[in-house]
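K.L.:
A predicted structure for the sequence below; I have some questions about it.
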Amino acid sequence: MSDTAVPILMYHAVASAPNDATRALSVAPEAFAEQMALIGDLGLTPVTTADLATRWRSGRPLPERPLLITFDDGYEGVHRHALPVLAKHGFAATLFVSTGWIRGAYDTGGGLDAMLDWQQVRDLAGTGIEIGGHSHSHPQLDQLDDAALRAELVRSTEIVTDELGARPVSFAYPYGYSSRRVRVAVREAGYGQALAVGNGLARRRQGPYALQRVTVRRGTDVKEFERLLQGRAIARNFAKDRALTKGYALVRRARQVRRKAIRSRV
């Protein structure tokens, strides 16, 4: 079976005037429209996360030049700005919602900017956009103990199921952080596939719970965007990100060791 490389685009906010907390990872509506037009011009075929994983799992062939368009967290601009563009092109997409950030009965107040409400999430689902899980309060899941990890997954899964009438089957790790323990917990929570970040192309051999994505941000111009779609110069584009990630990983592992040591003395 061929191991086709698939670009999975990771978006966050789509906003004209984002706040400071979301600015770097936001995309202007005009830029988003231009990027979607380029996807159409290049003949790529957007699919949902569930569709990609199902095809890889079953061995069914992928459509010609597959691509995933994903959004994390649940920012209001996905409904206001992205949905009309996606509908214009007939593009599939996946939205991963942090249920405690969506406006409504479960809102914890943690949302970083203007967030969707549940009616807007239902509107998006009604157009065929896949709604996936992204935890409840958007923590670093690999820093949680087992009980807190399971609570985050169960809470968010139950809320999405109750609000939409369908259980989410795809998951995205907040901040992209996971570990073997987290991946097992996500699988046991009923998810069939999960997305990390990694800033690389997704391949079947990565396994269904560690598929890589590439980050689209406000500074991504149309030439860089085309290179991302074609899988060219990704390592160079994200070299700084990877260096920072590796450095922070050492800090986070040290924190985990300290917490385990403290718990063992209690």
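P.N.:
That came through fine. Numbers count the residues shown, from 1 in each chain.
K.L.:
the strands in the chain, which residues?
P.N.:
Applying DSSP state E to the chain gives strands spanning 8-11, 45-47, 66-73, 94-97, 130-133, 170-172, 193-198, 211-215.
K.L.:
which stretch among those comes nearest Glu224?
P.N.:
Distances from Glu224 to each of the strands of the chain were compared using C-beta to C-beta; the minimum, 10.2 Å, belongs to strand 211-215. C-beta coordinates here come from the backbone N, C-alpha and C atoms, glycine included.
K.L.:
Distance from the chain centre to the closest one, please.
P.N.:
Here the centre of strand 211-215 is set off from its chain's centre by 8 Å, with C-alpha atoms, centre = their mean, to the nearest Å.
K.L.:
Report the helix or strand with the lowest average pLDDT across the protein.
P.N.:
The least trusted helix or strand in the chain, going by mean pLDDT, DSSP states H and E, turns out to be helix 239-265, with a mean of 46.
K.L.:
Can you pull out the low-pLDDT segments for this protein?
P.N.:
Segments of the chain classed as low confidence (criterion: pLDDT under 70) are 1-2, 233-266.
K.L.:
For Pro46, which residues are in contact?
P.N.:
Under the criterion of C-beta atoms under 8 Å, 6 or more residues apart in numbering, the contact list for Pro46 reads 39, 66-69, 91-93.
K.L.:
what's around the closest residue in space to it that isn't next to it in sequence, how many residues?
P.N.:
By the measure of C-beta to C-beta, 6 or more residues apart in numbering, the closest residue to Pro46 outside its immediate chain neighbours is Phe91, 4.3 Å from it. Applying other C-beta atoms under 10 Å, we find 20 other residues in the vicinity of Phe91.
K.L.:
now do Arg57
P.N.:
By the measure other C-beta under 10 Å, the count of residues near Arg57 is 12.
K.L.:
what's the most buried one of the strands of the chain?
P.N.:
Comparing these on average neighbours per residue, with mean count of other C-beta atoms under 10 Å, the densest one is strand 170-172 at a mean of 29.
K.L.:
Which strands or helices does that one pack on?
P.N.:
Counting contacts by 3 or more C-beta pairs under 8 Å, 6 or more residues apart in numbering; DSSP states H and E, strand 170-172 packs against helix 49-58, strand 94-97, strand 130-133, strand 193-198.
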